[in-house]
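Chemist: Build me a model:
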Amino acid sequence: RDASDGSVMSTVSAMTQHSASGIRFIAAPLRALPARRAIEEAAVVVVPALATSGVTVLADIGRRHLGDVAPALLGSAATTLVVHRQHAASAAAEAVRLERLVELVERLAATAHTLSLAVVGADPFEPAEIAEHVDASVPGTLVDVITLADDPLAAAVLAGRAGVATNRLRRPPLMRSAAS
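Modeler: Presented below is the predicted three-dimensional model:
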């Protein structure tokens, strides 16, 4: 089938689940290999159909090397958000990771329409410093830089961890930084 086939959108609708908050989603397999295959297959037919439908789609492709991401997936995206989580233990190790981030942004700039960067954590480098470094290395590629708090508890809950008391999640740092 091709993306203009109406049956693609009806198939997508049949796979869509509804969360308690009203967000509609399609859950990918949890295991790495089946999830990779699902993303590769979706990139061929489903992603182009969604791109022409006017529906807002957020696709979390997890921790992947750019070579593993189907070009159709990136080419269909109006905006690509790169999330960079700092590791505060070693500034030297983080500097190496920043060079990998620059390499990723360079490669994404060739296929993505709009690139934004979310930096998780402010240690060992300030997010503004990271943005300046990326912009100096790959000028004019980032349209927005977002700073998020490094909050492992809230991140774990958002990823599906159960058993966390509600009062611990009233105003976690991650939620506050994401709202601002």
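Chemist: Next, A122: secondary structure please.
Modeler: Using DSSP: H, G, I helix; E, B strand; the rest coil, the structure places A122 in coil.
Chemist: So which residues of the chain form helices?
Modeler: With helices called from DSSP state H, the chain shows them at 6-15, 32-44, 46-53, 71-76, 91-109, 127-137, 152-158, 173-179.
Chemist: packing partners for the longest one?
Modeler: In terms of contacts (3 or more CB pairs under 8 Å, 6 or more residues apart in numbering; DSSP states H and E), helix 91-109 is packed against strand 80-85, strand 115-120, helix 127-137. Every residue, glycine included, has its C-beta placed from N, CA and C.
Chemist: neighbours around the nearest residue to A27 once chain neighbours are set aside, how many?
Modeler: The shortest distance from A27 to any non-neighbouring residue, by CB to CB, 6 or more residues apart in numbering, is to Q17 (6.3 Å). Applying other CB atoms under 10 Å, we find 9 residues neighbouring Q17.
Chemist: Ok, which of the helices and strands packed on helix 91-109 comes nearest F25?
Modeler: F25 sits nearest to strand 80-85 of all those, at 16.8 Å, using CB to CB.
Chemist: coming back round to it: just send the helices and strands packed on helix 91-109 back as TSV, with distance to A91 too.
Modeler: Formatted as TSV, the helices and strands packed on helix 91-109 follow (distance: least, CB to CB, whole Å):
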stretch	distance to A91
strand 80-85	15
strand 115-120	15
helix 127-137	11
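Chemist: With mean neighbour count, distance to F25 and mean pLDDT as extra columns, can I get the helices of the chain in a markdown table?
Modeler: Below are the helices of the chain laid out as a markdown table (neighbours: other CB atoms under 10 Å; distance: least, CB to CB, whole Å; pLDDT from 0 to 100):
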| stretch | mean neighbour count | distance to F25 | mean pLDDT |
| --- | --- | --- | --- |
| helix 6-15 | 12 | 10 | 79 |
| helix 32-44 | 15 | 13 | 80 |
| helix 46-53 | 18 | 13 | 79 |
| helix 71-76 | 17 | 17 | 70 |
| helix 91-109 | 15 | 24 | 90 |
| helix 127-137 | 16 | 28 | 95 |
| helix 152-158 | 15 | 13 | 80 |
| helix 173-179 | 15 | 18 | 80 |
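Chemist: would you list these in CSV and tack on distance to I23?
Modeler: Output for those, formatted as CSV (distance: least, CB to CB, whole Å):
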stretch, distance to I23
helix 6-15, 15
helix 32-44, 18
helix 46-53, 15
helix 71-76, 20
helix 91-109, 26
helix 127-137, 27
helix 152-158, 12
helix 173-179, 15
